[in-house]
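# Here's a sequence, model it:
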Amino acid sequence: VPTRRASYLGDGTTSVVVICGSLLKKALELLEKGIHPTVISDAFDKACQYAVKFLEEEFAVPVSVDDRESLLKAATTSLSSKVVSQYSNLLAPMAVDSLLKIADKSSGMIDLKNVKVVCRQGGTIDDSEMIEGLVLDQRASKAAGGPTRVEDAKIALIQFQISPPKTDMESNVMVNDYAAMDRILKEERNYILRIVKKIKASGCNVLLIQKSILRDAVTDLSLHYLAKAKIMVVQNIEREEIEHISKSLGCLPISHVDHMKPEKLGSAALVETASVGKGKVVKITGVANPGHTASVLLRGSNKLVLEEAERSLHDALCVIRCLMQKRALIAGGGAPEMQLSLKLSAWAKTLAGLDQWCVRAFAEALEIIPYTLAENAGLNPIQIVTELRNLHASGKKYHGINVRKNIISDMMALDVVQPLLVSTSALSLATETLT
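Numbering: from 1, shown residues only. Just a heads-up that it's a prediction; the model follows:
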């Protein structure tokens, strides 16, 4: 359950497990009273539908996609429970700006594959930045003194090899005299030189070469000729990166040297190799026709911090995506669960038969969220949950547990908010798992 949840929503994984466990406990109590499993399952489904409808229609606060402040609040709340929470003022704006850049506001479709995150050890998370353009974790080739910085770049993304061809089958060629060897080497040089001349004729001065599994994508000889032609070379571009690079630079992948045309090239103001920590990256900035993509360079002092920062950033991106798909916010801090518990208890009184018992049990199960929050904060959970229940009964529906000050506060006033989709899907997923 948490794996499925984390892969899409990125937040609320613990909540799903806690709610599911509480519902299982209540279901077991109902079974011991002799209530049939089908009756429990149907009643829990009805209660879940009622809860989701209440959150959508009466509890949620609508937001606009253009409201950057609301998106920031949701991202900051998501990051507050992470190891890197002290850097939320940096990571939250980075996540929001990345999503706004790649989002299709008309359809609400967002593909997180369009956000490229490159991690580099060295420095601190404060040194992380969002690149206006593209960042590649490969380095430019320095062989034969090739350029590592190019201004007014014309970029080609190629999928063919600049190396002598091989036979289709494993075979050996026996060379018996030096003249034959010279002819072979001369033909190899001419073959590579013809390819380099065609590349140069297209106006290309930066070459991104896809990694090849059939034979070497480039050789020392081809790198020598490319360096002579003042063409910057970046090797070993992974196949999975081709689509992202193509979108980012506005260029087309080229599968054969005869297809090297100026219209298939991308344009950028600057392509340079930059030292980042212990390694180097290639930064491409000032792209003429940028696509709906974003690039983030994450820094960290060690591997553990980097992995945690990357995971936290992904979770924040998922939360903002949820908010863009269902454009409404709700309070955090256990406020929605407590309000739902009260509403479901009141609704249960209007029902007849065994459904009343089951819906009341569902309502009581939801109180596990504020109870767990209070327990984790080192408070007296029974006292806090009772006080919170009384406040909600008096109409203060946005009040929740403030774990920083160990008191009950208005969550909306403190900007402790989360996307509506996170809570509704948590309820739905926990109920589906049970029933």
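
# then stretch 30-38 to CSV, C-alphas only?
Once non-C-alpha atoms are left out, stretch 30-38 reads as follows in CSV (Å, rounded to 0.1, in the frame of the first residue of the first chain):
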residue,chain,number,x,y,z
LEU,A,30,-17.3,-5.9,14.7
LEU,A,31,-16.6,-9.5,13.5
GLU,A,32,-16.3,-10.6,17.1
LYS,A,33,-19.8,-9.2,17.7
GLY,A,34,-21.1,-11.5,15.0
ILE,A,35,-21.6,-9.0,12.2
HIS,A,36,-21.1,-10.5,8.8
PRO,A,37,-18.0,-9.4,6.8
THR,A,38,-20.1,-8.3,3.8
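
# which residues touch it?
By Cβ atoms under 8 Å, 6 or more residues apart in numbering, the list of residues contacting stretch 30-38 from outside reads I40, L354, W357, C358, A361. Where you see a C-beta, it was placed from the backbone N, CA and C, and this is true even at glycine.

# now do stretch 365-383
Under the contact criterion Cβ under 8 Å, 6+ apart, stretch 365-383 has outside partners 15, 18-19, 21-23, 25-26, 51, 333-334, 337-338, 340-341, 344, 384-385, 388-389, 400-401, 403, 406.

# Can you tell me which of the residues you listed are buried?
Buried members of these, counted by 16 or more other Cβ atoms under 10 Å: 15, 18-19, 22-23, 26, 51, 333-334, 337-338, 340-341, 344, 384-385, 388-389, 400-401, 403.

# List every C-alpha atom in the helix or strand where L323 lies, with coordinates, as CSV.
Counting by DSSP states H and E, the element that carries L323 is helix 303-325. In CSV, the C-alpha atoms belonging to helix 303-325 read as follows (Å, rounded to 0.1, in the frame of the first residue of the first chain):
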residue,chain,number,x,y,z
LYS,A,303,25.5,10.3,-0.4
LEU,A,304,22.9,9.8,2.4
VAL,A,305,22.0,13.5,2.5
LEU,A,306,21.8,13.6,-1.3
GLU,A,307,19.5,10.6,-1.5
GLU,A,308,17.2,12.1,1.2
ALA,A,309,17.1,15.5,-0.5
GLU,A,310,16.3,13.8,-3.8
ARG,A,311,13.5,11.8,-2.2
SER,A,312,12.1,14.8,-0.4
LEU,A,313,12.1,16.9,-3.6
HIS,A,314,10.3,14.1,-5.4
ASP,A,315,7.6,14.0,-2.7
ALA,A,316,7.2,17.8,-2.8
LEU,A,317,6.8,17.5,-6.6
CYS,A,318,4.1,14.8,-6.2
VAL,A,319,2.2,16.9,-3.7
ILE,A,320,2.1,19.9,-6.0
ARG,A,321,1.0,17.7,-8.9
CYS,A,322,-1.9,16.4,-6.7
LEU,A,323,-2.9,20.0,-6.0
MET,A,324,-2.8,20.9,-9.7
GLN,A,325,-5.0,17.9,-10.5
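
# Going by neighbour count, list what's buried in it.
Under the neighbour-count criterion of 16+ other Cβ under 10 Å, helix 303-325 has 305-306, 309-310, 312-324 buried.

# do stretch 192-207 as well
Of the residues in stretch 192-207, those buried by neighbour count under the rule 16+ other Cβ under 10 Å are I192, I195, V196, I199, K200, S202, C204, N205, V206, L207.

# likewise stretch 390-408?
When burial is assessed from 16+ other Cβ under 10 Å, stretch 390-408 yields the following buried residues: L391, H392, K397, Y398, H399, G400, I401, N402, V403, I408.

# That stretch - what's its average pLDDT?
When pLDDT is averaged along stretch 390-408, the result is 88.

# residue ranges of the helices in the stretch 201-350 of the chain, please?
Read by DSSP state H, counting those that start in this stretch, the stretch 201-350 of the chain holds these helices, from start to end of the chain: 220-228, 242-249, 303-325, 335-348.

# where does the stretch 51-200 of the chain dip in pLDDT?
Counting by pLDDT under 70, the stretch 51-200 of the chain has low-confidence residues at 105-108, 167-169.

# Which stretches in it count as strands?
61-62, 115-121, 129-131, 133-136, 149-158 (DSSP state E, counting those that start in this stretch).

# and those strands, which is most packed in?
Ranked by average neighbour count under the criterion mean count of other Cβ atoms under 10 Å, these are headed by strand 133-136 at a mean of 23.

# returning to that earlier point: keep only those of the contacts of stretch 30-38 that are in helices.
In this view, the contacts of stretch 30-38 that belong to helices under DSSP state H are I40, L354, W357, C358, A361.

# Tell me who's in contact with the first one.
Right, the one you point to is I40. Applying Cβ under 8 Å, 6+ apart, the residues contacting I40 are A27, L30, L31, C358.

# how close does the residue nearest to A156 when sequence neighbours are not counted get to A179?
The spatially closest residue to A156, leaving aside those adjacent along the chain, is C204, at 4.2 Å (Cβ to Cβ, 6 or more residues apart in numbering). Computed as Cβ to Cβ, to the nearest Å, the C204 to A179 distance reads 36 Å.

# Quick check: which of the strands of the stretch 51-200 of the chain is nearest to V416?
Across these, V416 has its closest neighbour in strand 61-62 (12.9 Å, Cβ to Cβ).

# This completes my enquiry, with thanks.
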